[in-house]
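# give me the fold of what follows.
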Amino acid sequence: MPGGRLTQQERQQIALGLADGLAYAEIGRRLDRPTSTITREVMRNGGPLAYRADLAHRATERRTQRRAKQAAPPGAEVPAPTPAHGRDAEAVREYEETFTTLFMQQGLPKMTSRVLTCLFITDAGSLTASELVQRLQVSPASVSKAVAFLESQGLVRRERDERRRERYVVDNDVWYQSTMAAARSSAQLAEVARQGVGILGRDTPAAARLENIARFTDFIGESIARAAEQAREVLYTKPGTPD
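Residues are numbered from 1 along each chain as shown. Predicted coordinates:
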């Protein structure tokens, strides 16, 4: 399997594959490249509908030149930390990019996706703002904005450690809280849809459509909440000690 950066010819083949409606996995097989490589390439450069081979190639060259300019001078490099638990550093980096790309495909902004992935794959499940800045090599403002969004979605929570530093945490309860937030969002949509039934006239086509929306989202929201409660009880409740 070839390594290294994608060539301009390979990017043209990716563009042709997207135009033909091929899946990322099939494009990867034709180029003898991992699916994750194709996925990252497309998502970094406009997504499947806006991908252009020439623009993608130029953008990659600019990123490479920018990284070269920002690189530390010889003798000033900070040595990379030794991966924990004997992990393959390159495999971890590749997995982190794949996870980030998945979140982006699901609608999260890029920086928010990077922060969430970083928290998920950290053994402690928590990091401070300064640790995120150092790991991701971004500004504190970027981290703050991403965390604020994740917190609003119930995907992270804040707590203070023994040194009184604010930490951002992901754990089983955060995932439960996020799922319950999605259930509440469905319930709010159902409520607003039903308000429109009375305003638009119960016997009108628009009102019938809104009523269907309300019934559907009510059912989905209740199902999500019930499943989250069951999962929390079955998966995350420690068994009691025997009498």
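# roughly how far does residue 157 sit from residue 32?
43 Å (CB to CB, to the nearest Å). C-beta here means a position set from N, CA and C on the backbone, and glycine is covered the same way.
# please parse this protein into its domains.
Following automatic domain parsing, the chain resolves into domains at 8-58, 107-170, 173-236.
# any chance of a markdown table for these, columns mean neighbour count, mean pLDDT and distance to residue 101?
Converted to a markdown table, these look like this (neighbours: other CB atoms under 10 Å; pLDDT from 0 to 100; distance: least, CB to CB, whole Å):
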| stretch | mean neighbour count | mean pLDDT | distance to residue 101 |
| --- | --- | --- | --- |
| domain 8-58 | 17 | 89 | 5 |
| domain 107-170 | 16 | 90 | 8 |
| domain 173-236 | 15 | 91 | 20 |
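# so can I have CSV of the ones you listed showing distance to residue 88?
Shown next, in CSV, are these (distance: least, CB to CB, whole Å):
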stretch, distance to residue 88
domain 8-58, 15
domain 107-170, 13
domain 173-236, 27
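# to residue 94, which of these lies closest?
The closest of the domains of the chain to residue 94 is domain 8-58. By CB to CB, the value is 6.4 Å.
# point to the residue nearest the middle of this protein.
residue 103 (2.3 Å; CA atoms, centre = their mean).
# pop out the phi and psi values for that one.
Here is the backbone geometry of residue 103 (degrees, to the nearest 10): phi -60, psi -40.
# contacting residues for it?
If you count contacts by CB atoms under 8 Å, 6 or more residues apart in numbering, residue 103 has them with 112-113, 116-117.
# make CSV from the residues you listed and add secondary structure and distance to residue 234 to it.
Converted to CSV, these look like this (DSSP: H, G, I helix; E, B strand; the rest coil; distance: CB to CB, whole Å):
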residue, secondary structure, distance to residue 234
112, helix, 30
113, helix, 29
116, helix, 25
117, helix, 27
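# between the residues you listed, which is nearest residue 176?
Using CB to CB, the contacts of residue 103 come closest to residue 176 at residue 116, 16.0 Å.
# ok, that closest one to residue 108 distance?
Distance from residue 116 to residue 108, counting by CB to CB: 7 Å.
# and the strands in the protein?
All strands of the chain, identified by DSSP state E, fall at 126-128, 157-160, 166-169.
# for the first one, packing partners?
With contacts defined as 3 or more CB pairs under 8 Å, 6 or more residues apart in numbering; DSSP states H and E, strand 126-128 has these neighbours: helix 110-120, strand 166-169.
# may I ask you to confirm that residue 40 is in contact with residue 95?
No: the pair residue 40 / residue 95 is not scored as a contact, 11.6 Å apart, by CB atoms under 8 Å.
# so how far is residue 173 from residue 116?
16 Å.
# ok so, going back, let me have the strands of the chain in JSON lines, adding distance to residue 224 as columns.
Shown next, in JSON lines, are these (distance: least, CB to CB, whole Å):
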{"stretch": "strand 126-128", "distance to residue 224": "26"}
{"stretch": "strand 157-160", "distance to residue 224": "20"}
{"stretch": "strand 166-169", "distance to residue 224": "23"}
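# among those strands, which is nearest residue 204?
strand 157-160 (44.0 Å).
# residues in contact with that closest one?
Against strand 157-160 from outside (CB under 8 Å, 6+ apart): 126, 151, 166-169, 174, 177.
# and with 10 Å instead?
For strand 157-160, the external contacting residues (CB atoms under 10 Å, 6 or more residues apart in numbering) are 126, 147, 150-151, 165-171, 173-174, 177-178.
# what is the most widely separated pair among those?
Farthest pair in the contacts of strand 157-160 (CB to CB) is 165 and 178. Separation: 23.6 Å.
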